[in-house]
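J.: Build the 3D model from these lines:
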Amino acid sequence: MTDRLSSTFSALADPTRRGILARLARGEATVGELAEPYDMSLAAVSKHLKVLESAGLISRGREAQWRPCRLEAAPLRDISDWIETYRRFWDESLDRLEDYLEDLQRGDPGAGRN
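T.: So this is what the prediction gives:
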């Protein structure tokens, strides 16, 4: 079984699905509304929606015959948290590089040694 993070990354790998999520970030929409910007059938859009739904990125309601889709952002928070670890790594690495370059500019003979 695939973990939630892997399912989310897999769902986000497709630009159409990312576009659908961007549209849903503005508010709920029907399948027809989500399909408008794409040159594909409603069935093809529905397949994308199923992938997003199984990854927990969207949910579908039922109001009479209208089935609005809405964004579920919790899986995106999981990705953000995962990426945050690497952002801190790069921030620290760049801070060390900045210190090193400043030492070099000052002519510090010990620059670059740990």
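
J.: Quick check: the gap between Glu92 and Val31.
T.: 45 Å (C-beta to C-beta, to the nearest Å). Every C-beta, even on glycine, is put in place using the N, C-alpha and C of the backbone.

J.: And for Tyr100?
T.: Distance of Tyr100 to Val31, given as C-beta to C-beta: 54 Å.

J.: Outside of stretch 15-28 itself, which residues are in contact with it?
T.: 11-12, 29, 33-34, 37-38, 40, 45, 48-49, 51-52, 57-58, 61, 68-71 (C-beta atoms under 8 Å, 6 or more residues apart in numbering).

J.: cutoff 6 Å now
T.: Contact partners of stretch 15-28, identified using C-beta atoms under 6 Å, 6 or more residues apart in numbering, comprise Ala11, Leu12, Leu34, His48, Leu52, Pro68, Arg70, Leu71.

J.: Pull the most distant pair out of the residues you listed.
T.: Leu12 and Pro68 (21.4 Å; C-beta to C-beta).

J.: which one of the contacts of stretch 15-28 has the most neighbours?
T.: Ranked by neighbour count (other C-beta atoms under 10 Å), those have Leu52 at the top, with 27 neighbours.

J.: Confirm for me that it is in contact with Ser10.
T.: No - look at Leu52 against Ser10 with C-beta atoms under 6 Å: they stay out of range, at 10.5 Å.

J.: Show me how the record splits this structure into domains.
T.: The chain breaks down into these domains under automatic domain parsing: 4-72, 73-114.

J.: Adding mean pLDDT, write those out as JSON lines.
T.: Below are these laid out as JSON lines (pLDDT from 0 to 100):
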{"stretch": "domain 4-72", "mean pLDDT": "93"}
{"stretch": "domain 73-114", "mean pLDDT": "84"}
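
J.: No further queries at this time; thank you.
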